[in-house]
Structures are given as structure tokens and as C-alpha cells.
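Participant: pasting the structure only:
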């Protein structure tokens, strides 16, 4: 890895400058707000160790600073992986992009493989899983594994350089971007996978990063989350239920009910009659433990509005009401083909997992409520994509850095957990943490104070608060 870093550093120093030209761009947010901005595009090596090889295009929008003495540019790194910073800026976080213009230029970047940057073709597996096949692990995972192998072979036949879409290559893109912007340093601002990329950049480009803002952080060894930490998350939810008079009466034992429902489904899958949209007659769908764990992992734990529906969903299943769950699982598994994107597949697959963490996660998954589904399609699909490289344990070793860092942690984040944020902070000698009590994974717009502390941090000011308190979720009760 060290030799690779040296080669790339020399390549960047000697690479010919790309003539970056900005074009005036009227940026329109989804709420209809329009603002004058600039559209920029640069070329970067597909593989930075081969500067004279194939090139990829990176697209971005620059919101010019309103500050007469702006600081270093602030680059937004979207999550996913697979999200585009340009797309994110159009949505609910648009006011935060505008607020940070008071500090410096704000760059909404479409990372390689996303948005308007160079995007390899999506792969769609041609074989559908018929509803007559029971939706249990023994049937579902072989189908997904076959789809993964099909797409890996298809990308190979199409000449797609899947190995170019790794976090390590994307981190090098940020250094090229800095150079083309003629900026001395960059500030990095990311969420979820975007923090994973920011941490990789801190390791790769430490001399040219000024500050980093990490929300809902995912460390370099945290692509696969530890299942036991999801159990502690459910314990926090149960404590909130216990403190709510109405919810505690309706849902006195959330963890016990979740475990009982999942054990029942493991012993005997349930067949449910539903009429999906577009169907004239009911069809029978059989569901087991694994897909319900998947649905919980991706639909019921991310943010407070999802968590609010968690207890009623499980108590409903305990009482035999599976119709809504079956309908959602039908849409997930039967109504659409298996689809893989190169960027998201390669970024997560290449970041990988160490043997020690893999063994620990496997051990914890045997007893954890959600088993090994929290990180789906990994670790299940590690090794399925032979064209995806493993970046190795040197890459995965958590960052040790004195770059100033702000870590924003939601106590109800069911995707990246507070305990994992502590692991990231352990190596950041100038790291500061702000706890957002009762916030979930997507915490940026949960309180105006989040914008305030980010601004204070980037301006080098003392933080006015390290604890932002939000009300707990209002659990759905019928």
C-alpha cells in the first residue's frame, strides 16, 4: 500500500493539468428554489497509478461563497455508496448547502460512477424469482448469488473496469479536484459512506485536507457492521418505549416479541394471500425469517420515522397480521429483477473486511436479532465479484490523524451505531463529537443546531453545544 501511495503521489505531481472551465448554471432545488451556481467537469485517471491510461469524467456544481474572505472549499461527499452530491443538494439538505456558502465555496460532487459523472452500465439479472418460490434464505440467497456472478461476468465481457471503482481511487480524485480548483486545501463534509471516503482521503491526502465533518460515520473497517451493536440499538428503542406511557402499555416487550416472531418464522414460514398492484386475483406468498430480517434492517431502523413503525409491525406479526409485510417483500423480491450498480458494488466490495472482523461478525450474527442482514448484500456476496479487488487490511486500518474532525452521532441511528463512531474517534487526536439525541442516520436537518455546530467547527470557533436534544419518536399505536 505504501509503495502504491508513493507511485500515485508522483503521478499526481507530474500529471498534465486539465483545463477546468466553469459554466454558469442555474441550480434548481426540488422545492423550486433557484440559485446561480457554476457547473464544472474534470477528467481523472480511471486508475491513478496509470495516469496515462483511461480517463473518467467527474461532474460537480460549485456554489460560490458569499463570504468576501472565503475559507478552503467545502466538498460534499454523498452516502450510499451510489449517491450523488448534486442530487443531494437538490433535496431537503439544500438549505444547509446554502448556509455553508457563508464560510467558503461549496462543491456538490458526483463521485466517480454516480450522477452526471462517468457511470458504467447497470446490470439487470434476466431471471426473476417467481412468487411460487418460498421467500426463505435457502431460496433467496442462491438467486442473488447467481445474479451477482452473472453481472460480474457481464461487466467483464463489456470491458468495464470494475476495479477502478474503489474508495481508494475515489480518494485520489479529491486530490485532483483540489489541484484543479487551485485550492491549497479542501474541507470535506460527508455522511454515511461519504465519511468512509473522507476517512480514506485523510489517510491518502493528509497534507491537503483542512477539516472534516463526519455525520453517521462509517470507518474504514466498518463496511460490515457488527450485529451485536444492532441489538444494543434495539435496547435503546425499548428504553424509549418504556418511558412512554402509551407505548409501554401497547408494546411492553419489544425485544421479546421480535425474537419470538423471528423464531416462529424460522421454524415455520408463513403463507400470506395478497393482491399486489396490477394483479386481478390474490396470490400466495410464503415468507420466512431471513426476508423479515432484511426488511427490518433496511426499512424499520434508519431514522425515527421508520422506528416509529417498528413495534406495531412486529406486534402485528405476532398476532398473525403479515399482509403489509408480505406486500413489501413481494415488491422487494418478486416484482423487480435483481440489479447491481458498478459503483456501489465495487466500493463496498473492495473495502471488504478483515478476517478477525469477519469471524467476529459471523459469531455475533448467530444470536443477534437481525443476524447477518444489516449489511446486505455483504458479507453474503464477498467473493462473488471476481473483478472487485480487496483493498487489504492496510486500507481498513482505522485512521490516525491530527486533522480537525467533527463527528455527528444520532443516538437512534440504526445503520451506523454510536459505538462504531467511538472507534473512529479513537484515532482522531483533534476529533470532536456532537451527540444528537434521538436523531437517526439522516441527521443533518433534524435540528437548526446541527447547521450551527457545523458552521462553528468549519470557522474554527468553539462549539456552542456538544449535545443536541430532540424529542423521541412518536410510536404508532392503533
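Facilitator: Everything's here; your move. All values derive from a computational prediction rather than experimental measurement.
Participant: okay, CA-based contacts and neighbour counts for the rest of this
Facilitator: Noted.
Participant: center of the chain, which residue is that?
Facilitator: For the chain, the residue nearest the mean C-alpha position is residue 80 (3.5 Å; C-alpha atoms, centre = their mean).
Participant: helix or strand: which one has that residue?
Facilitator: Following DSSP states H and E, one finds residue 80 outside all helices and strands.
Participant: quick check on it: phi, psi?
Facilitator: Note on residue 80: backbone dihedrals following degrees, to the nearest 10 are phi 130, psi -90.
Participant: show me where the chain has strands.
Facilitator: Remark: strands assigned in the chain by DSSP state E are 23-28, 34-45, 55-63, 74-77, 106-110, 123-124, 186-191, 209-215, 270-274, 283-287, 339-340, 405-410, 431-437, 467-469.
Participant: any stretches of the stretch 1-150 of the chain with poor pLDDT?
Facilitator: Residues of the stretch 1-150 of the chain meeting the criterion pLDDT under 70: 1-19.
Participant: all the helices of it, residue numbers only.
Facilitator: Along the stretch 1-150 of the chain, the segments classed as helices by DSSP state H, counting those that start in this stretch run 2-14, 85-90, 94-100, 137-157.
Participant: can you check the stretch 351-478 of the chain too?
Facilitator: For the stretch 351-478 of the chain, applying DSSP H, counting those that start in this stretch gives helices covering 355-365, 392-396, 418-425, 448-458.
Participant: nearest to residue 141, of these?
Facilitator: Nearest to residue 141 among the helices of the stretch 351-478 of the chain is helix 355-365; the distance by C-alpha to C-alpha comes to 16.3 Å.
Participant: quick one: list the elements packing against that closest one.
Facilitator: For helix 355-365, the packing partners by 3 or more C-alpha pairs under 8 Å, 6 or more residues apart in numbering; DSSP states H and E come out as helix 227-242.
Participant: the helix it packs on - contacts with which helices or strands?
Facilitator: The helices and strands touching helix 227-242, judged by 3+ C-alpha pairs under 8 Å, 6+ apart, are helix 245-250, helix 254-267, helix 355-365.
Participant: was I right to think residue 129 contacts residue 332?
Facilitator: No - at 10.6 Å, residue 129 does not count as touching residue 332 under the criterion of C-alpha atoms under 8 Å.
Participant: can you pull up the bridge partners for residue 190?
Facilitator: Beta bridges link residue 190 to residue 77, residue 214 when assigned by DSSP bridges.
Participant: ok, back up a step: same list (the strands of the chain) but as JSON lines, adding mean neighbour count.
Facilitator: Below are those laid out as JSON lines (neighbours: other C-alpha atoms under 10 Å):
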{"stretch": "strand 23-28", "mean neighbour count": "15"}
{"stretch": "strand 34-45", "mean neighbour count": "18"}
{"stretch": "strand 55-63", "mean neighbour count": "22"}
{"stretch": "strand 74-77", "mean neighbour count": "28"}
{"stretch": "strand 106-110", "mean neighbour count": "27"}
{"stretch": "strand 123-124", "mean neighbour count": "18"}
{"stretch": "strand 186-191", "mean neighbour count": "25"}
{"stretch": "strand 209-215", "mean neighbour count": "24"}
{"stretch": "strand 270-274", "mean neighbour count": "18"}
{"stretch": "strand 283-287", "mean neighbour count": "19"}
{"stretch": "strand 339-340", "mean neighbour count": "16"}
{"stretch": "strand 405-410", "mean neighbour count": "26"}
{"stretch": "strand 431-437", "mean neighbour count": "19"}
{"stretch": "strand 467-469", "mean neighbour count": "16"}
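Participant: could those strands go into CSV alongside distance to residue 175?
Facilitator: Converted to CSV, the strands of the chain look like this (distance: least, C-alpha to C-alpha, whole Å):
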stretch, distance to residue 175
strand 23-28, 22
strand 34-45, 10
strand 55-63, 13
strand 74-77, 11
strand 106-110, 13
strand 123-124, 30
strand 186-191, 9
strand 209-215, 9
strand 270-274, 53
strand 283-287, 48
strand 339-340, 28
strand 405-410, 18
strand 431-437, 22
strand 467-469, 33
